[in-house]
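1. what follows is a protein structure lacking sequence information:
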């Protein structure tokens, strides 16, 4: 369905400007199967792409156009939660028709597999009966379905038949506006009456005014005390608690070094997950950051080498670029209000001008065993050895040999339960404390997994 709020001329002019500015590829994203879609919408979609294909850039050459099409999937807690999803056959038919019409040089056509869309629609509005389906599909081997080469629709079909699930009941069926919905017990602060009115507006193709600049539509989200609509202009003069003064356009940005711990259950956070946790905390604490330029601006923030999952640390650090008016003493308290247990900011300080990060020569770790199996004789034997060679797996199943004597800077037994080890860093080789427990102390894999390993504060 073509967005009626944007004219074809506006789209044409925007793409023309992009090609004239040097852009070589434009991506267009379309949805099929929206509730009010007609054949004319599909024809208009194809006509629009063909018209855009005629545009030439400043060099007289036509740019390339990537067209991506996906099937619309109605979601819960939205005005379309009552809408039917088009059938698998209809989805395939529409995508094939569009693909046939756009077999033109310079146009690359991509689409989401309608079978995937059908299962996404099932999961989007299913009820508790889906738990049996998920368990059955998992047992058949459906584990990495997000990758097309692992997706097996036939396994899902078998699981659906075995569990007696009616696929069409959850997908292509139009729901009655007054029937109970599986997710009705969840309060997301948007009233059901508002969603019903929006569903009526959508089917009638009636638009409503933006409530941030007009009348309230009584959706139920705002209480006008703690929650209310805010526009961009409202933040222009707002003060940030982390700053000494209101932000100004001429603010200089400085590098801020932030120290934190990663202890307890936080050791199970993967690096990317942990980065997202900190980014959310910075946003909630309203600590202003510098962003990169370009089409996808991202916050200027960088972390030291990531810890492997399962390893704790008394001190890690990351760097971010912030306005010079930020007070480092205020940042820890603000961030700690929004961090989960185990992640704690312990300090912040501005990095001096021209500062360059330097890797430590060695990292120290404390290894604790619950049953206390460390033996001083093993430490003495290791310290007296000329070399201790181990093999670690590389990519593609290959093995690399490492001499532990080159990597272990210090090995000290604190008591029968605790060991302190220092490992060389910045050598281009990666060695973890767990790698030495087997060769030096003759521990099996289960014993090694029981060890608590904490990276010590430098």
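-> Cool, the structure landed. None of these values were measured; they are calculated from a predicted model.
2. could you use CA atoms for every contact and neighbour count after this?
-> Fine.
3. number of residues surrounding residue 304?
-> Other residues lying near residue 304 total 11 when counted by other CA atoms under 10 Å.
4. same check, this time on residue 71
-> 28.
5. contacts for stretch 125-133?
-> Contact with stretch 125-133 is made by 74-76, 81, 123, 159-160, 163, 165, 170-171, 182-183, as judged by CA atoms under 8 Å, 6 or more residues apart in numbering.
6. return a ChimeraX selection command for the buried portion of these.
-> A single ChimeraX command selects the buried members of the contacts of stretch 125-133 (16 or more other CA atoms under 10 Å):
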select :74,75,76,81,123,159,160,163,165,170,171
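7. residue 361: which of the contacts of stretch 125-133 is nearest?
-> Nearest to residue 361 among the contacts of stretch 125-133, counting by CA to CA, is residue 123 at 50.6 Å.
8. and the closest one, its phi and psi?
-> Per-residue torsions, residue 123: phi -70, psi -30 (degrees, to the nearest 10).
9. ok, so what distance separates it from residue 133?
-> Here residue 123 is placed at a distance of 10 Å from residue 133 (CA to CA, to the nearest Å).
10. flag the shaky bits of this protein, pLDDT-wise.
-> The chain contains residues with pLDDT under 70 at 1-6, 232-238, 248-251, 359, 426-428.
11. export the contacts of stretch 125-133 to CSV and tack on secondary structure and distance to residue 420?
-> As requested, those are exported to CSV (DSSP: H, G, I helix; E, B strand; the rest coil; distance: CA to CA, whole Å):
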residue, secondary structure, distance to residue 420
74, coil, 56
75, coil, 53
76, coil, 53
81, helix, 58
123, helix, 49
159, helix, 51
160, helix, 54
163, helix, 54
165, coil, 56
170, helix, 58
171, coil, 58
182, coil, 54
183, coil, 52
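12. widest-spaced pair of the contacts of stretch 125-133?
-> Greatest spatial distance in the contacts of stretch 125-133: 81 and 159, 25.0 Å, computed using CA to CA.
13. domains in this protein, as residue ranges please.
-> Taking automatic domain parsing as the domain assignment, the ranges for the chain are 253-350, 362-455.
14. dump these to CSV, plus distance to residue 64.
-> Shown next, in CSV, are the domains of the chain (distance: least, CA to CA, whole Å):
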stretch, distance to residue 64
domain 253-350, 18
domain 362-455, 37
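15. ranking the ones you listed by burial, who's on top?
-> Of all the domains of the chain, domain 253-350 has the most neighbours on average by mean count of other CA atoms under 10 Å, namely a mean of 17.
16. which helix or strand lies directly C-terminal to the host helix or strand of residue 91?
-> Using DSSP states H and E, residue 91 sits within helix 88-101. Counting by DSSP H and E, the element after helix 88-101 in chain order, helix or strand, is strand 107-111.
17. could you name the helices and strands sitting against that following strand?
-> strand 64-71 (3 or more CA pairs under 8 Å, 6 or more residues apart in numbering; DSSP states H and E).
18. list the buried ones in the strand it packs on?
-> So strand 64-71, judged by 16+ other CA under 10 Å, has buried residues 64, 65, 67, 69, 70, 71.
19. elements contacting that strand?
-> Contacts defined by 3+ CA pairs under 8 Å, 6+ apart place strand 64-71 against strand 25-32, strand 107-111, helix 114-124.
20. try 7 Å
-> Judged by 3 or more CA pairs under 7 Å, 6 or more residues apart in numbering; DSSP states H and E, strand 64-71 is in contact with strand 25-32, strand 107-111.
21. now the ones you listed in a markdown table, with distance to residue 412?
-> What follows is the helices and strands packed on strand 64-71, written out as a markdown table (distance: least, CA to CA, whole Å):
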| stretch | distance to residue 412 |
| --- | --- |
| strand 25-32 | 59 |
| strand 107-111 | 59 |
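22. now render those as a markdown table, adding mean neighbour count and distance to residue 253.
-> What follows is these, written out as a markdown table (neighbours: other CA atoms under 10 Å; distance: least, CA to CA, whole Å):
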| stretch | mean neighbour count | distance to residue 253 |
| --- | --- | --- |
| strand 25-32 | 15 | 34 |
| strand 107-111 | 17 | 42 |
